[in-house]
Every structure is written in structure tokens, then in C-alpha cells.
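Enquirer: sequence and computational prediction follow.
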Amino acid sequence: MDAPETRALHDAVLDWYDTHARELPWRGEAATPWSVMVSEFMLQQTPVVRVLPVHAAWLERWPAPADLAADTTGEAVRMWGRLGYPRRALRLHAAAVAIVERHDGEVPRSYDDLVALPGVGDYTASAVASFAFGQRHVVLDTNVRRVLVRAVSGRELPAPAVTRAERDVATALLPADEPTAATWAVATMELGALVCTARRPACDACPIATECRWRAAGFPAYDGPPRRGQAWDGTDRQCRGRIMALAREGDSVSADQVAAAWPATDQRERCLTGLVADGLLTQVTPGRWALPG
DNA sequence: TATCCGTGGGG
DNA sequence: TCCCCAAGGAT
């Protein structure tokens, strides 16, 4: 569990984090569990720099789960702005409602209670339990996965989905001490975000470069199953994005506005129907839609 | 398990 | 320019 070589690895990463960690609003003493949870929702597939201003505005407006729960989903979607994947705003609102109903308005501490909330999966539950409450959990995000697959397994990039072997590695490396484990989680994540990046890793600045098996092996290129990029041009996602952008701009959107923004009739209708079904829009009158009130 | 779900910046 | 990808989750 804490073999000497593992201790050395821990110390190197923890020392590096101590001097190189970014000061982020959802870290430090002032950060509330709610602030941490909001950040984790926003950071799902969205870069830190884009989250910062929205996170600040969000917490100013809704300082506690009950504040958000008392407001409309439409306002949550509007405040979400252009972070992308607006269903996350819906889920965060639903999570706030559940926190009020089931946990007396306090973000729950246990992994099981957290993972039961809307929009909270294994990663987010572990992250909140670890970052907000200092607990010992394996926190496997894309950064940690990349760091571990390189340092331990000697490969450039992890497989498309988390494997059992990966989780075993992460579990074996997790420090036994609870607060140390929590710092280890955020430190390995930070290392992946700042140094052991996907494209041009800054191995010169890496605290564990001498112990990295990928580096020792001469940086062999990724040879796993093909990583399929997601199509974008002409997709429903693009169409939905256009419609939601219009809906965010004003009080409502007309059929003519939507038609001007997306000429393909069938797809436009399908996306409007889908957005309503998802709860991202409501039809206020025939041929007019708005963010849900 | 594979696919769907937004948006924008950097190499 | 084009392509990749950024603290995932739900189905």
C-alpha cells in the first residue's frame, strides 16, 4: 500500500502541488461544498477558464442549493450561458431540489448520497466527497487517468473507457491516510491539467519524470482502439445549440427565427421536439418557444 | 457498450 | 484550416 517507492511518488507529486497548484475559487478555505459541487458540474467537459466567470455569477446569485431550487430551471439554463451541454444546468437544478428535499438543503457528505443525485456519476461523487469533505476516494477523471497510464503503464493515453486494471492501479496508489488521499486526488488531477497534458506534456517540469514508464520507454505513440472524434457539422447537437442560443438571447423564439437559423425542416422540428422533451424549452404558444418558467 | 449531448480555444 | 479535446453522465 505505502511501499517506499510509492511514498517517493506521493511525496514528489504532493510537493509539486504544494508549490504549483492554481488558486481556484472552488479550492481553499472559503469554498463551500456547494461551490465545489457547482464547479464539478460546470467542469464536466468544459475548460477551467470558461467556467470561472459563470461559476462566480452562479454562486453570487444562488449561494446555497435552496436558492437555486427556489428558482426556475429556465433561469438556470440562462445563467449557464455558453458553457455547453445545457442539460447539465437542468441536472444541477434537479440536484439542488433533491438536496433540499432529501438532505435538508445541505450537500450530502457520503458517496452513496452524492451519486444518487441527478447528474452526479462516479467521478463527480468522488470528487465532491474528496475535495469538499476531505474523504479518501479514487477520483478518476481524464487527467488522473492520463497521468497514471503514462507513469505506471507506460502508454501515452488511456483507453476510451475506464478499465478494471486502471481502477486497480489508482486504488493501489491511493494514500492510506484520508487527508493525504484527498490532496493526492486533486494533486494528480492538477498534474495532468498543467504538466502531463494530452498534447505537449511538459516532462521537463514534471516531478515524477524520472519514474515515468512512458518516458522511460521512449514515449511510444498511442496504439489502442481508435479514438473517434465526434462529428459536429450538420448534427442535431449543432442544431440544438443554435436554437438554445436564440432562446437565451430574449424572452422567446418564434418559428420563423428558428427556421432562419436552421433551414433543414425535418431536423429543426426534431430538435425542437427533443429540446422540449428534455425540458430545455417549453412551447408557450403555437410556433413560439421559451426557456422553461 | 456505444452513442448522444455544446462550445470554444489551441496546435 | 482542420482536428483534437476539456474535472462526464445518461441511456
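Expert: Sure, I can see it.
Enquirer: how near is the residue lying closest to A:Pro220 once chain neighbours are set aside to A:Leu191?
Expert: Of all residues beyond its chain neighbours, the one nearest A:Pro220 is A:Glu156 (6.7 Å), with distances taken as CB to CB, 6 or more residues apart in numbering. Glycine gets a C-beta too; all of them are placed from N, C-alpha and C. For A:Glu156, the distance to A:Leu191 (CB to CB, to the nearest Å) stands at 16 Å.
Enquirer: who has more neighbours, those two?
Expert: The neighbour comparison of A:Glu156 against A:Leu191 (other CB atoms under 10 Å) goes to A:Leu191, with 26 against 18.
Enquirer: what helix or strand is that one on?
Expert: helix A:178-194 (DSSP states H and E).
Enquirer: enumerate the residues of the stretch 1-150 of chain A near DNA strand C.
Expert: Counting by CB under 7 Å from any atom of the strand, the residues of the stretch 1-150 of chain A close to DNA strand C are A:24, A:26-27, A:39-40, A:43-48, A:84-85, A:91, A:118-125, A:127, A:141-143, A:146.
Enquirer: so where is chain A shaky, pLDDT-wise?
Expert: Residue ranges of chain A with pLDDT under 70: A:1-2.
Enquirer: rerun that using 80 as the cut-off
Expert: A:1-4, A:228 (pLDDT under 80).
Enquirer: residue closest to the middle of it?
Expert: The centre of chain A sits closest to A:Gln44, judged by CA atoms, centre = their mean, with a distance of 2.0 Å.
Enquirer: residues near the residue of the stretch 1-150 of chain A found nearest DNA strand B, how many?
Expert: Nearest residue of the stretch 1-150 of chain A to DNA strand B: A:Gly84, at 2.0 Å (CB to the nearest atom of the strand). Per other CB under 10 Å, the neighbour tally for A:Gly84 reads 15.
Enquirer: what helix or strand is the closest residue in space to it that isn't next to it in sequence located in?
Expert: Counting by CB to CB, 6+ apart, A:Thr46 is the residue found nearest to A:Gly84 once chain neighbours are left out, at 5.9 Å. Under the criterion DSSP H and E, no helix or strand holds A:Thr46.
Enquirer: do A:Ser130 as well
Expert: Per DSSP H and E, A:Ser130 falls inside helix A:122-131.
Enquirer: and the next helix-or-strand element following that helix with DNA strand B, contact?
Expert: Using DSSP H and E, the helix or strand that follows helix A:122-131 in sequence is helix A:142-151. No: using CB under 7 Å from any atom of the strand, we find that helix A:142-151 stays clear of DNA strand B, coming within 11.8 Å at best.
Enquirer: so what's the residue count around the residue nearest to A:Gly84?
Expert: 16.
Enquirer: so it touches A:Pro86, yeah?
Expert: No: in this structure A:Thr46 lies outside contact range of A:Pro86 using CB atoms under 8 Å: 11.4 Å.
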